[in-house]
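# take a look and give me a structure for this.
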Amino acid sequence: MPVFPLQTLLLAFLGGLLPAIVWLSFWLREDDEHPEPNKYLVLSFVYGMLAVPVALAAQLFINHFLLGSQDIEATIQITPLTGFLVLLVWSITEELGKYWAAYHGGLKRRVDDEPMDDVIYMITAALGFAALENALFIFGPILDGNTELAIATGNMRFIGATLLHIAASSLIGIFRAFSHFKLNAVKKRYTWTGIILAITLHALFNLFILLHTDSMFLAFSSVWILMVVIIFIFERIKSLHIEQIKP
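Here you go, the predicted model:
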């Protein structure tokens, strides 16, 4: 069993953690008037990290049966339907994992008492997930001593995959936010709508990334545009609590 240098593990972990903290501080400022307790934010973040090995194990299991010895890029070229099915299953494991993390971190607790909280806990869990996932991606280059590749990988994931996780999880949080004061049955329908949309977005992003350069540009551009839209939606969500408590 290989023994990895502690310094390599630490650098990879910090390379994944610090960018996630930067994004998290940005989104938490959106809720600076009614901030969530640090305890439950940390729980959501840590649970998001814990969801990574579970999602990874599920993906390896699926890969064994659907891909065999073939990689995902070759599968998409030869049998597109099978390739997209694999990407869809990957997305399901990750989006459900992040929702589980947010739910147990803060959504099921009394501190989730206003619509914006739904989005904040989803984003926090997503960034916990992204932190560990990114660390795993840059671990290899750091272990090989390829610092430039490690930095390039971290930068690409900072503006790409990390934002995808934020955008996808935000969709779930937004749907929960707009149903925050509704009956539980309605809230469940809204939540599952958000989950389905998040899974679809995630799968399509991965598909475009794997196709060719033009599609990669489209995938990144779409996520950035979606993030701008989400910021505007945040402002609308902030007003929901005020409207609810008006006499």
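
# lowest-scoring secondary structure element of this protein by mean pLDDT?
Of all the helices and strands that make up the chain, helix 72-78 has the lowest average by mean pLDDT, DSSP states H and E, namely a mean of 71.

# okay, buried residues for that helix please.
Ile72, Thr75, Ile76 (16 or more other CB atoms under 10 Å). Placement of C-beta: from N, CA and C, glycine included.

# tell me how far it is from the chain's mean position?
24 Å (CA atoms, centre = their mean, to the nearest Å).

# ok, residues contacting that helix?
Asn63, Leu66, Leu67, Gln70, Thr82, Gly83, Phe84, Val86, Leu87, Leu207, Leu210, Leu211 (CB atoms under 8 Å, 6 or more residues apart in numbering).

# now the second one. Nearest residue, chain neighbours left out?
Leaving out its chain neighbours, the residue that sits closest to Leu66 by CB to CB, 6 or more residues apart in numbering is Val86, at 5.2 Å.

# secondary structure element for that neighbour?
helix 80-102 (DSSP states H and E).

# go on, Ala126?
helix 115-143.

# between the helix or strand that that helix is followed by and helix 115-143, how many degrees?
Per DSSP H and E, the first helix or strand lying C-terminal to helix 115-143 is helix 147-159. When axes from the mean of the first three to the mean of the last three CA atoms, to 10 degrees is applied, the directions of helix 147-159 and helix 115-143 differ by 170 degrees.

# for the residue nearest the centre of the chain, helix, strand, or coil?
Nearest to the geometric centre of the chain sits His165, at 2.5 Å (CA atoms, centre = their mean). Assigned with DSSP: H, G, I helix; E, B strand; the rest coil, His165 falls in the helix class.

# so it touches Leu132, yeah?
No - judged on CB atoms under 8 Å, His165 makes no contact with Leu132 at a distance of 11.2 Å.

# run through who's touching stretch 150-158.
Taking CB under 8 Å, 6+ apart as the rule, stretch 150-158 contacts Ala12, Gly15, Gly16, Pro19, Ala130, Asn134, Phe137, Ile138, Pro141, Ile142.

# ok, then the element right after the helix or strand encompassing the second one?
Assigned by DSSP H and E, Gly15 falls within helix 6-28. Next along the chain after helix 6-28, taking DSSP H and E as the criterion, comes helix 38-66.
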